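Q: output the structure for:
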Amino acid sequence: MPVLNRAAEMQDEIAEWRRQIHREPELLFAVEKTAAFVAEKLREFGVDEIVTGIGRTGVVGIIRGNEDRGGKGRTIGLRADMDALPIDETSGKPWSSTVKGKMHACGHDGHTAMLLGAAKYLAETRNFSGNVAVIFQPAEEGGGGGNEMVKDGMMERFGIAEVYGMHNLPGMPVGSFGTRSGPIMAATDEFGITVEGRGGHAALPHKTIDPIVIGSYVVTALQTIVSRVADPIASLVVSVTKFNAGFAHNVIPETAKLAGTVRTLDPAMRDEAEARIRQICGGLAAAHGAEITVSYHRNYPVTVNHADETGHAVSVAEDIAGVAAVDPSLDPMMGGEDFSYMLLARPGAFIFIGNGDTAGLHHPAYDFNDDAIPHGVTYWVKLAESRLAP
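A: You can find the predicted model right below:
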């Protein structure tokens, strides 16, 4: 099954939607313009039910199949994210961001546009039995918008039985797909560490408790969690990404502050990493006569694909792209994804679609590759039609 002719015909139109969204990026939950654009398009397509304000600023459209215009039958959810990132764009494209300090550096503009294209096609053809919920989510980039939509009762309100997500991947050829059953994206925890010592003159270090030295020990010791605590086969990242201390050449400060992230694919390893961070800091505080406090925030959980739904997603992708262009055992990635919350609420699968040889995600020169549009639209359409076959 090649790319749908109709999807190819709509590519330029969908690309223009994408570029319009790209020009006016919005952050986190403040996606009012984007959400309004999405709702307007869904009304234009003749989508049966359109609900705004789900999870604060999310949009859900319900498209009913030819045999289910009364709303009967199973419902599957197809999800796209709408928010951008706080980055100054350097892509140089004619449709570059017009908002200083904001850009679509992760391709959410492309995700939204492809799902709109699929919604238009499905509303035109309705070649399925049941209902398709097209889900447009705010605040994926750190705000947990997926969790907010779930907590808002989205799954129960619309009777969603399964849910599917898709994300572009630079470096993967256009027209290719990749996914895997089980963990595919990591849990993304954050920690902050404050070392309280005793400040003083830099020429008299013996009269101080130097928080910079102690903080340096903390950085080094945390590396042993990966190298000496975790099973070498396990996936674990512990990165210190901030270290702030001092204000003058000749003063040993009172305080040092560190922060960083922990990435895991296994809940038990997640628990172990947090416990070890606290143990290490407690031991170093006692050894040096300092006070060390740890704050630990559990952010997005592991994104775990369900086996049956992933198998079906792979089958659909292979029908579109060919077996050779689909990786059914893609290596897990240590980035995070709040589609994880939807997969905790309902079975489903998250898949990557190739963006070609472009700048990487979250890079200021990144731009979504519009050549991927027909492939993404076709995937959404064929997934919906096959999961809701009459």
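
Q: where along the stretch 101-250 of the chain do the helices fall?
A: With helices called from DSSP state H, counting those that start in this stretch, the stretch 101-250 of the chain shows them at 108-125, 145-151, 154-158, 211-224.

Q: buried deepest among the ones you listed, which one?
A: Comparing those on average neighbours per residue, with mean count of other C-beta atoms under 10 Å, the densest one is helix 108-125 at a mean of 25. No exception for glycine: its C-beta is placed from N, CA and C like everyone else's.

Q: helices or strands up against it?
A: Counting contacts by 3 or more C-beta pairs under 8 Å, 6 or more residues apart in numbering; DSSP states H and E, helix 108-125 is packed against helix 5-9, helix 11-23, helix 32-45, strand 58-64, strand 75-81, strand 131-137, strand 160-169, helix 373-387.

Q: name the SS class of the residue nearest in space to the middle of the chain, please.
A: Centroid-nearest residue in the chain, with C-alpha atoms, centre = their mean: Glu337, separated by 2.9 Å. When the structure is reduced to helix, strand and coil (DSSP: H, G, I helix; E, B strand; the rest coil), Glu337 reads as coil.

Q: which residue packs closest to it, ignoring adjacent ones?
A: Once its chain neighbours are removed from consideration, Glu337 has its nearest residue in Met185; the separation is 4.3 Å (C-beta to C-beta, 6 or more residues apart in numbering).

Q: right, and the helices and strands packed on helix 108-125 - which one's nearest Ser239?
A: Each of the helices and strands packed on helix 108-125 was checked against Ser239 via C-beta to C-beta, and the shortest separation belongs to strand 160-169, namely 21.8 Å.

Q: in this structure Ser295 contacts Asp189, no?
A: No: under the contact definition of C-beta atoms under 8 Å, Ser295 does not touch Asp189, with a separation of 11.0 Å.

Q: how deep is the residue nearest to Glu337 tucked in, by neighbour count?
A: The local packing count at Met185 equals 26, with neighbours defined by other C-beta atoms under 10 Å.

Q: and it, bridged to which residues?
A: When bridges are called by DSSP bridges, Met185 pairs up with Thr303, Met333.

Q: pLDDT value on the residue nearest to the centre of the chain, please?
A: Here, the pLDDT recorded for Glu337 equals 97.

Q: I'd say it and Leu343 touch.
A: No: with contact defined as C-beta under 8 Å, Glu337 does not reach Leu343; the gap is 9.3 Å.

Q: shared neighbours of the two, anything?
A: Between them, Glu337 and Leu343 share these contacting residues under C-beta atoms under 8 Å, 6 or more residues apart in numbering: 303, 350.

Q: who touches the residue nearest to Glu337 in this structure?
A: Applying C-beta under 8 Å, 6+ apart, one finds that Met185 lies in contact with 302-303, 332-337, 340, 350.

Q: and those, which are buried?
A: Among the contacts of Met185, those classed as buried by neighbour count (16 or more other C-beta atoms under 10 Å) are 302-303, 332-334, 336-337, 340, 350.

Q: and the furthest pair within those?
A: Of all pairs drawn from the buried ones among the contacts of Met185, the one with the longest distance (C-beta to C-beta) is Met334 and Phe350, at 14.7 Å.

Q: one step back: show the contacting residues for the residue nearest to the centre of the chain.
A: For Glu337, the set of contacting residues under the criterion of C-beta under 8 Å, 6+ apart consists of 140, 165, 167, 185, 300, 303, 350.

Q: again, 7 Å this time
A: The neighbourhood of Glu337, defined by C-beta atoms under 7 Å, 6 or more residues apart in numbering, consists of 185, 300, 303, 350.

Q: the second one contacts Ala187, doesn't it?
A: Yes: with contacts defined as C-beta atoms under 7 Å, Tyr300 counts as touching Ala187 at a distance of 6.4 Å.

Q: CA atoms of stretch 354-361 as PDB?
A: Once non-C-alpha atoms are left out, stretch 354-361 reads as follows in PDB (Å, rounded to 0.1, in the frame of the first residue of the first chain):
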ATOM      1  CA  GLY A 354      11.500  10.000   9.400                       C
ATOM      2  CA  ASN A 355      12.300  13.700   9.000                       C
ATOM      3  CA  GLY A 356      15.400  13.100   6.800                       C
ATOM      4  CA  ASP A 357      18.800  14.700   7.000                       C
ATOM      5  CA  THR A 358      17.800  17.800   9.000                       C
ATOM      6  CA  ALA A 359      19.100  19.600  12.100                       C
ATOM      7  CA  GLY A 360      18.300  17.800  15.300                       C
ATOM      8  CA  LEU A 361      15.300  18.200  17.500                       C
END
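
Q: now do it, average pLDDT.
A: The pLDDT scores in stretch 354-361 average 98.

Q: which parts of it are buried?
A: So, applying 16+ other C-beta under 10 Å, buried residues of stretch 354-361: 354-356, 358, 361.

Q: equivalent analysis for stretch 18-30, please.
A: Neighbour counts over stretch 18-30 (16+ other C-beta under 10 Å) mark 18-19, 21-29 as buried.

Q: of those, closest to Asp327?
A: For these, the residue nearest Asp327 by C-beta to C-beta is Arg18; the value is 25.2 Å.

Q: quick one: the closest one from Val262, how far?
A: Noted for Arg18: a distance of 34 Å to Val262, by C-beta to C-beta, to the nearest Å.

Q: how about Gly53?
A: For Gly53, the distance to Val262 under the criterion C-beta to C-beta works out to 34 Å.
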